[in-house]
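Trainee: quick one, fold the following:
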Amino acid sequence: MTLRLGNYESVIGLEVHAELATAAKIFCGCSAAFGAAPNRHTCPVCLGMPGMLPVLNRRVVEFAVRAGLATHCRIAPVSRWARKNYFYPDLCKGYQISQYELPICEAGWIDVPTENGTKRVRLTRIHMEEDTGKNIHDARSNASLVDFNRSGVPLLEIVSEPDMTHPAEAGAYLRTLRSILQYLQICDGNMEEGSFRCDANVSVRPRGATTLGTKVEIKNMNSFRAVERAIDYELERQIELIQDGGRVVQETRLYDPDRDETRSMRSKEEAHDYRYFPDPDLPPLVIPDSFVDEVRRTLPELPDARRRRFVEDLGLPEYDAEVLTARRDVADYFEAVVAAHRNAKAASNWVMGDVLRLVREHKLDDALVIERWPVAAADLGALIALIDDGTISGKIAKTVFEEMLATGAAPATIVERRGLVQVSDEGAIAAAIDQVLGANAAKVAEYRGGKEKLFGFFVGQVMKATGGKANPALVNVLLRAKLEG
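Mentor: Model (predicted):
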């Protein structure tokens, strides 16, 4: 980040809209799946036809409680639905069913890893609401169309306190929150498809001041990097404006990723402009303690706990644990490899290196869930076991891995079929060393004359002479003895 605050400090709060991974919409039975042809997943209820009554999807409530418990929120025993009234073409009813005065979850927090240690970001609230439709602007016909497939898809709005002070902290918060929701399996977190959307509230104030500056809301950010860059730009803009004698205006601004700047969209509406009032078609939502306890029992191990276990029980470095637990599917795969052969560090190296490289190259995680791994976890564990017991070397393991990818065969089968068993016979290795030293007498003299960097050359020649099968550790020991004897 290039942010230069000088005598100012930044105040950042984020509002996240997470689409819930339910089969049906929040108040009707229409499919909530993404990607259908326009207006295929609609009915009189989600289109707001006169006389149609909403019926709450129980699964949405369960998912909201899961999110609240995972983020240390208080689950309200009674919450209330409200109508948020405003006009926009994609809002077919003229209002959005949401929650206002009595949300389902309040006063939580998330611990966020940053460069300066863990930072606790407080959550003001989590509430349920329905999504709107989507405006589609057709440049060819110079017209705007509306697709109502998304109308009524269940959302959680997750509102943070203004606890973040740097764009990088905002990015880390979003990554942490998305990871939690993915672990809970309630949201796929796909920012490009709009199932994980973020608005940023940004302001600046003189360093040491206690009152908040005028905030600006930023929209249209579809990646973590875009969020960080948009906030960075907006903070710089506000500081320059104040220093030039201007005044920050409360407004909504859009981020333009091509120009890397924010542009004014509209003056910011206050909450009372939406004329919230209790929805007359939906009774207050009463959540008994037994329901909360039932949901609590189903919670999975969350990223923080899993990360600590990987460090404390498996002995992984903090960095490895951080990378492996960022995604539930990656952590699950890693643990399956360790279950096949308990060498956690070797498994970590293979998963973070070769396996995830192939996942990226072959785009095996397009749906943000890796459904087809390059090799089975049990086979990767078996490959690591062959290295650890001395059957093959690490170099030969790369060759075996490539054939595992191409054929799907088990590593032991490939090693046996191709005769790749590592040579650990001292006599055979010593003979190869004698052959190499005899063929390179001049270089032997140079080594013994002080040119010790040639040792790597001799190791390479011995490995070449043995077809790469010699035990590298044994080669090093025997070769050094021969050269220095």
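
Trainee: dump the C-alpha coordinates for the lengthiest helix in the chain into CSV.
Mentor: Counting residues, the longest helix in the chain under DSSP state H turns out to be helix 224-243. This file holds the C-alpha atoms of helix 224-243, laid out as CSV (Å, rounded to 0.1, in the frame of the first residue of the first chain):
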residue,chain,number,x,y,z
PHE,A,224,-10.1,-8.2,-2.0
ARG,A,225,-7.4,-6.2,-3.9
ALA,A,226,-10.1,-3.9,-5.3
VAL,A,227,-11.4,-3.2,-1.7
GLU,A,228,-7.9,-2.3,-0.5
ARG,A,229,-7.1,-0.1,-3.5
ALA,A,230,-10.4,1.7,-3.4
ILE,A,231,-10.0,2.5,0.3
ASP,A,232,-6.4,3.6,-0.3
TYR,A,233,-7.5,5.9,-3.0
GLU,A,234,-10.4,7.3,-1.1
LEU,A,235,-8.4,8.1,2.0
GLU,A,236,-5.8,9.9,-0.1
ARG,A,237,-8.6,11.8,-1.8
GLN,A,238,-10.2,12.9,1.5
ILE,A,239,-6.9,14.0,3.0
GLU,A,240,-6.0,16.1,-0.1
LEU,A,241,-9.5,17.6,-0.1
ILE,A,242,-9.2,18.7,3.6
GLN,A,243,-5.7,20.0,3.2
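
Trainee: so for the very next helix or strand once past that helix, mean pLDDT?
Mentor: Once helix 224-243 ends, the next helix or strand along the chain (criterion: DSSP states H and E) is strand 251-256. The pLDDT scores in strand 251-256 average 90.

Trainee: and N440, how many neighbours does it have?
Mentor: Neighbours of N440 under the rule other Cβ atoms under 10 Å: 16. (Glycine included, C-beta is placed from N, CA and C.)

Trainee: nope, L5 is what I was after
Mentor: 14.

Trainee: for the protein, longest strand please?
Mentor: Taking DSSP state E as the criterion, the chain has its longest strand at strand 117-130.

Trainee: buried residues, it. List them.
Mentor: 119, 121, 123-130 (16 or more other Cβ atoms under 10 Å).

Trainee: in its sheet, what does it sit against?
Mentor: strand 105-114 (antiparallel), strand 154-160 (antiparallel) (DSSP bridges).

Trainee: ok so, going back, for the record, mean pLDDT for the longest helix of the chain?
Mentor: Here helix 224-243 scores 91 as its mean pLDDT.

Trainee: how about stretch 106-117?
Mentor: Mean predicted lDDT for stretch 106-117 stands at 90.

Trainee: can you list the residues that contact it?
Mentor: By Cβ atoms under 8 Å, 6 or more residues apart in numbering, the surrounding residues in contact with stretch 106-117 are 68, 71-74, 76, 118-126, 168-169, 172-173, 176-177, 180, 304, 322.

Trainee: what about the residue nearest to P411 when sequence neighbours are not counted, which helix or strand?
Mentor: Computed as Cβ to Cβ, 6 or more residues apart in numbering, the closest residue to P411 that is not its neighbour in sequence is L383, at 4.2 Å. Per DSSP H and E, L383 falls inside helix 377-388.

Trainee: so what secondary structure elements neighbour that helix?
Mentor: Applying 3 or more Cβ pairs under 8 Å, 6 or more residues apart in numbering; DSSP states H and E, one finds that helix 377-388 makes contact with helix 328-340, helix 344-350, helix 394-407, helix 411-418.

Trainee: reformat the ones you listed as TSV; add mean pLDDT.
Mentor: Formatted as TSV, those follow (pLDDT from 0 to 100):
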stretch	mean pLDDT
helix 328-340	95
helix 344-350	96
helix 394-407	91
helix 411-418	89
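
Trainee: among those, which comes closest to A431?
Mentor: A431 lies closest to helix 394-407 among the helices and strands packed on helix 377-388, at 19.9 Å (Cβ to Cβ).

Trainee: just the C-alphas of the closest one, formatted as PDB.
Mentor: Written as PDB, here are the backbone C-alpha positions of helix 394-407 (Å, rounded to 0.1, in the frame of the first residue of the first chain):
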ATOM      1  CA  GLY A 394      12.800 -36.700  -3.300                       C
ATOM      2  CA  LYS A 395      14.000 -36.200  -6.900                       C
ATOM      3  CA  ILE A 396      12.600 -39.500  -8.100                       C
ATOM      4  CA  ALA A 397       9.400 -38.700  -6.200                       C
ATOM      5  CA  LYS A 398       8.800 -35.700  -8.600                       C
ATOM      6  CA  THR A 399       9.000 -38.200 -11.600                       C
ATOM      7  CA  VAL A 400       6.600 -40.600  -9.800                       C
ATOM      8  CA  PHE A 401       4.200 -37.700  -9.100                       C
ATOM      9  CA  GLU A 402       4.100 -36.700 -12.700                       C
ATOM     10  CA  GLU A 403       3.200 -40.200 -13.700                       C
ATOM     11  CA  MET A 404       0.600 -40.400 -10.900                       C
ATOM     12  CA  LEU A 405      -1.000 -37.300 -12.600                       C
ATOM     13  CA  ALA A 406      -0.900 -38.800 -16.100                       C
ATOM     14  CA  THR A 407      -2.000 -42.300 -15.300                       C
END
